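Pasting the sequence and the predicted model now:
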Amino acid sequence: MSKTDTRTRTSESRSGSSRRFARVAGSALIAALMSGCAYIPGTASPVEQYRKRLAQQKEIERAAEVAALDEPGKPDFSIDEKLRKGDHARDQDDIPRAIVEYYEAYQLDPDDPRAMERIGFIQLSTDAEVAELTFSELVKTHPDSAASQRGLGLARLAQNRHEQALPPLQRAFELDDGSAITSYALSVALELEGDHEAAFEFAKRAYELAPVDARISANLGVTHMLRGDYAEAEELLRRATLISPGTASHHNNLGLTLGMMQRYDEALAQFQAAGNGEQSSRNNLGYVYFLNGEFDHAVDEYERALLAEGEDDATILANLNRALDMRNRKNGLPPEAAPAALSQVGSAKPVAIVAGPGSSLAAALATNEKSAGEGSPR
């Protein structure tokens, strides 16, 4: 796939100038620091955005106060040294210290976008809406920064705005086609947009660039699974579980893949390895039987799930009702043959295990990796 191919879906206009980041204490700095608020999907009202900006300004002021407390006579550092110290603090999960180091790096050279980009990626892990504000400011003044364009795309993708995420991600790819994360994110966005072939190509490219990244391996595995390439999917998802054994979505998707190959005992073991309780594991297995058209076994597993302790009884009843209905249709019986108490539940969609090819992006894109979510795989 050529870099120019990605331009076909781009809807944003881009400036060809390379304007520098102005030294201002206003809007460019407003989006500098984490607000600490959890992301709530949807576009914030002007009042909410103003409150976020006020909270961020207070964080900036606190960071400046901490920086002022450094010992007098402390030797000055270059911006690269400050960024290195910030990266070290970030890697040690000392986020407050990392923020201070990045802020000091910004003060040394406000025209250099690297400090603000790092702050934006920290924000992305906690509040995608705030991160979008930061990266939006950056791409206005640094349209040729691949990191800023990538950050803007990731922030929008984390808010499930995949159509709007595509233009900055495509621009980031044009600027730097060697970024595995950019290819990975493009794969997710294109899959959600329904462009499965392009998504598959980007998923393969991301894996070629970073085969040891569990998220990227799992993403390609899910993409193979959605194409019906179950053997390839199993190999990649097993690799992901070995690299990151504590990630529930990898085990759940591997379980779904094994189930589609009718290896049901192995599938159940993976659902259990994901940390699901007995109820969720049986519910997931019932869903696999349902997908394979084995409605008798699906009914059995859903009934076992109802006998287990858990909080998903209503969902499982809906799934059981659906399986009973499909079994009756398969056997030429009318829908009324289902027990009356269950038919009152309605015909809810069966529960899906896979959250989509991007389930591990940006803290799983707010998906619940513990148990299955409603819907069906694409």
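Here it is on my side, so go on. Note that the structure is a prediction, hence the values are computed from the model and not measured. Residues are numbered from 1 along each chain as shown.

What is the burial count for Arg227?
13 (other CB atoms under 10 Å). Quick note: C-beta positions are derived from backbone N, CA and C, even for glycine.

Is it in contact with Phe200, as I believe?
Yes - judged on CB atoms under 8 Å, Arg227 makes contact with Phe200 at a distance of 7.0 Å.

Low-confidence regions, the stretch 151-300 of the chain specifically.
Within the stretch 151-300 of the chain, no stretch falls below the threshold (pLDDT under 70).

which residues of it fall in helices?
Taking DSSP state H, counting those that start in this stretch as the test, the helices found in the stretch 151-300 of the chain are 162-175, 180-192, 196-209, 214-226, 230-243, 248-260, 264-273, 278-291, 295-307.

Need those in CSV (columns: distance to Ala323 and mean neighbour count).
Shown next, in CSV, are the helices of the stretch 151-300 of the chain (distance: least, CB to CB, whole Å; neighbours: other CB atoms under 10 Å):
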stretch, distance to Ala323, mean neighbour count
helix 162-175, 32, 23
helix 180-192, 28, 26
helix 196-209, 28, 20
helix 214-226, 22, 26
helix 230-243, 22, 20
helix 248-260, 15, 26
helix 264-273, 15, 20
helix 278-291, 6, 24
helix 295-307, 4, 19
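
Out of the ones you listed, which is closest to Tyr102?
helix 180-192 (19.5 Å; CB to CB).

what sits against Gln272?
Residues near Gln272 by CB atoms under 8 Å, 6 or more residues apart in numbering: Ser281.

how close does it sit to Ser183?
33 Å (CB to CB, to the nearest Å).

just Ser280 next, same as before
Ser280 is 33 Å from Ser183, by CB to CB.

and what of Gly86?
On the measure of CB to CB, Gly86 and Ser183 end up 26 Å apart.

now do Thr257
For Thr257, the distance to Ser183 - CB to CB - is 22 Å.

now swap in Glu309 and tell me
Separation of Glu309 from Ser183 (CB to CB) stands at 43 Å.

and what of Glu301?
Glu301 is 38 Å from Ser183, by CB to CB.

now swap in Ala115 and tell me
Counting by CB to CB - Ala115 and Ser183 are separated by 26 Å.

Met260 too?
26 Å.

can you check Ala146 too?
According to CB to CB, Ala146 and Ser183 sit 12 Å apart.

what's the domain layout of this protein?
3-211, 222-374 (automatic domain parsing).

could you list every residue that touches Phe121?
Ala131, Gly151.

repeat that with 7 Å
Gly151 (CB atoms under 7 Å, 6 or more residues apart in numbering).

ditto for Arg205
Residues in contact with Arg205, defined by CB under 7 Å, 6+ apart, are Ser183.

quick one: secondary structure of Pro110?
Counting by DSSP: H, G, I helix; E, B strand; the rest coil, the backbone at Pro110 sits in coil.

what about it, neighbour count?
18.

again, but for Asp91
Other residues close to Asp91 by other CB under 10 Å number 9.

how near is it to Gln279?
38 Å.

got the contact list for the closest residue in space to Ala240 that isn't next to it in sequence?
Residue nearest to Ala240 in three dimensions, not counting chain neighbours: Ala218, with 3.9 Å by CB to CB, 6 or more residues apart in numbering. Contacts for Ala218 (CB under 7 Å, 6+ apart) come out as Leu236, Leu237, Ala240, His250, Asn253, Ser360.

from the residues you listed, which is closest to Thr223?
Leu236 (8.9 Å).
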